[in-house]
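Enquirer: build me a structure from this.
(one chain, ligands or ions: 1)
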Amino acid sequence: MSVQLINKAQELLNNIPLNVISQGAEAIVFETQTHPFLPKSNQLSTTKFIIKYRPRKPYRHPTLDLQIVNSRTQSEARLLHKLYQLGIKAPRLMAVDGPNGIIWMESVGGTLPNGETSSLKNMLWFKEKSQEERKDSENESNIALDGEVRDIMSKVGAAVAKLHLANIVHGDLTSSNIILDQRNDKWEPMLIDFGLSSYSLLAEDEAVDLYVLERALISTHPIYFKSYNEWLLQGYERTFKEASSSKKFKEISRRLQDVRLRGRKRSMLG
Ligand SMILES: Nc1ncnc2c1ncn2[C@@H]1O[C@H](COP(=O)(O)OP(=O)(O)OP(=O)(O)O)[C@@H](O)[C@H]1O
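Expert: The predicted model follows:
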């Protein structure tokens, strides 16, 4: 992790206390207890915020680099605001500084009983491990007995459907980019990381979103993937039906079959 990048972020953020929670290819994600504009006296000491910082890339032409950082940051921030207006569950935007690549947002999620952060991936691993410990020699389809996982996956499907009904494609749907937030003793999925998101009217793009998530589920949860995906697609279909958009759902399903077929052909050809 580059100390210079962290120092640069500290400098841009007036040296507020920051904790690094992730460093991806494009951004460093920090956690802070400092609100972007409210005084400390107006906040609870336990409240946390997330700062996503896209550093400048020294290997790109400076003018082009500034444009890229600014437009990706602004576009992600605009989407977060749009999702809030549409009532789609995602972190609330608090502040944005496009040219410096900074987005300040609500921190979502919590901690699982095993101490891990409550991403969908960690939750499923946690449930799988408890399931394995309980059943030992029994049939693996016992996972279906866990109504909570079914409920979570169906809600994930509903959340993705709401996004698609608004003609927004996520662009990087994985079980790490879905965070579970605990509300009234129930886990509610929140989508995060809209850095690759865009608007699209093409069923193909929505099908690719579902396919990417499907592949992510296969690789991280190979044993129970089938049930997970089935429950997810049930929630997805139900939400389209409730919105009287069955026709669009059918078109996306048809495209999803094509995308799967193309994916299989590609992997067969290596
Ligand atoms: N609003 C949030 N609330 C809680 N945790 C968050 C939030 N935003 C990001 N995170 C955490 O930071 C991690 C990285 O965030 P994000 O995926 O947005 O950045 P990224 O640089 O695009 O990451 P990657 O390159 O790994 O996809 C997430 O997986 C999550 O653990």
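
Enquirer: need the distance between the two termini of stretch 216-230.
Expert: End-to-end span of stretch 216-230 (CA to CA, to the nearest Å): 14 Å.

Enquirer: average pLDDT for that stretch?
Expert: Regarding stretch 216-230, the rounded mean pLDDT is 94.

Enquirer: name the residues of it that are buried.
Expert: Within stretch 216-230, the residues that count as buried by 16 or more other CB atoms under 10 Å are 216-217, 220-221, 224-225, 227-229. No exception for glycine: its C-beta is placed from N, CA and C like everyone else's.

Enquirer: number of residues surrounding the closest residue to Lys52 other than its chain neighbours?
Expert: Closest residue to Lys52 in three dimensions, ignoring its sequence neighbours and counting by CB to CB, 6 or more residues apart in numbering: Ile103, at 4.6 Å. Using other CB atoms under 10 Å, Ile103 has 26 other residues around it.

Enquirer: Ile103 falls within a strand, correct?
Expert: Yes - the assignment for Ile103 by DSSP: H, G, I helix; E, B strand; the rest coil puts it in a strand.

Enquirer: most widely separated two among the buried residues of stretch 216-230?
Expert: Ala216 and Ser227 (15.6 Å; CB to CB).

Enquirer: returning to what we had before: wait, the residue nearest to Lys52 touches Arg72, no?
Expert: No - counting by CB atoms under 8 Å, Ile103 sits too far from Arg72 to count as a contact (9.9 Å).

Enquirer: so what sits against both of the two?
Expert: Common contacts of Ile103 and Arg72, defined by CB atoms under 8 Å, 6 or more residues apart in numbering, are absent altogether.

Enquirer: nearest residue to the most centrally placed residue in the chain other than its sequence neighbours?
Expert: Centroid-nearest residue in the chain, with CA atoms, centre = their mean: Asn177, separated by 2.6 Å. Closest residue in space to Asn177, ignoring its immediate chain neighbours: Asp193 at 4.5 Å, by CB to CB, 6+ apart.

Enquirer: dump the buried residues of stretch 216-230 to JSON lines, plus distance to Ser130 and secondary structure.
Expert: JSON lines is the format used below for these (distance: CB to CB, whole Å; DSSP: H, G, I helix; E, B strand; the rest coil):
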{"residue": "Ala216", "distance to Ser130": "22", "secondary structure": "helix"}
{"residue": "Leu217", "distance to Ser130": "19", "secondary structure": "helix"}
{"residue": "Thr220", "distance to Ser130": "17", "secondary structure": "helix"}
{"residue": "His221", "distance to Ser130": "14", "secondary structure": "coil"}
{"residue": "Tyr224", "distance to Ser130": "12", "secondary structure": "coil"}
{"residue": "Phe225", "distance to Ser130": "18", "secondary structure": "helix"}
{"residue": "Ser227", "distance to Ser130": "16", "secondary structure": "helix"}
{"residue": "Tyr228", "distance to Ser130": "16", "secondary structure": "helix"}
{"residue": "Asn229", "distance to Ser130": "21", "secondary structure": "helix"}
